[in-house]
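Student: Here is a sequence together with a model predicted from it:
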Amino acid sequence: MLESDVSFFQYSSLMSNEHDPGADILIVEDEEAIARLMALHLRAAGFCTQIVNDGDAALHALGERHWRLVILDRMLPGTSGMKILRWLRREGVDDYVPVLMVTALGMSAERIKGLNEGADDYLPKPFEPEELVARTRALLRRSRVVETGQADRVTLHLDPEVPVAYHGDARVELRPLEYKLLKVLMDKPGKTRSREWLLDHVWGHDVFVEPRTVDVTVKRLRKALKPLGYKKCIETVRSMGYRYIEITDSS
């Protein structure tokens, strides 16, 4: 059945290159058949994968290099998937890696727990291979990683004392509302915030202003960040709101 989905050459390539040093997606799955199915379809979609079958091997692989994405089974021999997720999201880690967590269908409480611990998305078992590929692509788009290589992280910073944003030696002064808006968006990179949420958390619950005010402030903020090269780090999510994204360069 697997050979019917991709060519025999692709399947043979998967078997011989499972530990490809150029792999960019780490599959952490103890069920060998499922792991190979994942790798097979991801490779057919143009991704390069590596498989590890237990939690301890996963920690070793994660400590050796940067991965564009980790597909992580929750139930693993050795170190559990949840412990690995907490390790990836521990305080002080700057190298953010998107995590697609996999668990048995119906474990809704565990899925919620995983999302609260920092998983970026969930894939319930059993799953359709097409859904795995689609979720993988969505996560990589969300983290602004292109399929030809690894993206550089944004290096925009906020001064904690005064409303100033800076990149290297370049600095721009922001209006207080622009500064606060940027700060709340930067607190959760990639997370979309609605205009109503932003009004509550930037302007306050007791201030009555129109949602359009958010749009005007975002426009001013983008203009203020343009000299630093980070105008595009505030992204509009159509019909939803705004989010802060990591960009691949400062042009």
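Tutor: That came through fine.
Student: can we go C-alpha only for contacts and neighbour counts from here?
Tutor: OK.
Student: residues contacting residue 193?
Tutor: Going by CA atoms under 8 Å, 6 or more residues apart in numbering, residue 193 touches 185, 240, 241, 242, 243.
Student: Roughly how far does it sit from residue 235?
Tutor: 11 Å (CA to CA, to the nearest Å).
Student: Report the set of residues contacting both of those two.
Tutor: Going by CA under 8 Å, 6+ apart, residues that sit against residue 193 and also against residue 235 are 242, 243.
Student: Taking the contacts of residue 193 together, which two end up most distant?
Tutor: The largest separation in those, counting by CA to CA, is between 185 and 240 at 14.1 Å.
Student: quick one: which of the two has more around it?
Tutor: residue 185 (20 against 12; other CA atoms under 10 Å).
Student: Excluding sequence neighbours, find me the nearest residue to that one.
Tutor: residue 244 (5.4 Å; CA to CA, 6 or more residues apart in numbering).
Student: and that neighbour, how many neighbours?
Tutor: Neighbour count for residue 244, taken as other CA under 10 Å: 22.
Student: Can you name the residues bridging to it?
Tutor: Note on residue 244: beta-bridge partners residue 234, judged by DSSP bridges.
Student: from memory it sits against residue 191, does it?
Tutor: Yes: assessed by CA atoms under 8 Å, residue 244 is found in contact with residue 191 at 7.2 Å.
Student: Quickly list the domain ranges of the chain.
Tutor: As recorded under automatic domain parsing, the domains making up the chain are 2-142, 157-244.
Student: lowest-confidence stretch among those domains?
Tutor: Of all the domains of the chain, the minimum mean pLDDT falls on domain 2-142 (a mean of 79).
Student: show me what contacts residue 103?
Tutor: Contacts of residue 103 by CA under 8 Å, 6+ apart are 73, 74, 75, 111, 122, 123, 124, 125.
Student: Just give the nearest non-adjacent residue to it, would you?
Tutor: Spatial nearest neighbour of residue 103, excluding adjacent residues (CA to CA, 6+ apart): residue 124 at 5.1 Å.
Student: do you know how far the residue nearest the centre of the chain is from residue 135?
Tutor: Among the residues of the chain, residue 98 comes closest to the average C-alpha position under CA atoms, centre = their mean, at 3.7 Å. Look at residue 98 and residue 135: by CA to CA, they are 11 Å apart.
Student: Pretty sure residue 41 sits against residue 133.
Tutor: Yes: contact criterion CA under 8 Å: residue 41 and residue 133 qualify, at 7.2 Å.
Student: Mind checking which of those two has more residues around it?
Tutor: The neighbour count for residue 41 versus residue 133, taken as other CA under 10 Å, is higher for residue 41 (21 against 18).
Student: what helix or strand is the more buried one on?
Tutor: Secondary structure from DSSP states H and E places residue 41 in helix 32-44.
Student: CA atoms only for the very next helix or strand once past that helix, dumped as PDB, please.
Tutor: Heading C-terminal from helix 32-44, the first helix or strand you meet, by DSSP H and E, is strand 49-52. Provided in PDB are the C-alpha atoms of strand 49-52 (Å, rounded to 0.1, in the frame of the first residue of the first chain):
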ATOM      1  CA  THR A  49      13.400  13.600   7.900                       C
ATOM      2  CA  GLN A  50      15.100  11.700  10.600                       C
ATOM      3  CA  ILE A  51      13.400   9.100  12.900                       C
ATOM      4  CA  VAL A  52      14.200   8.400  16.500                       C
END
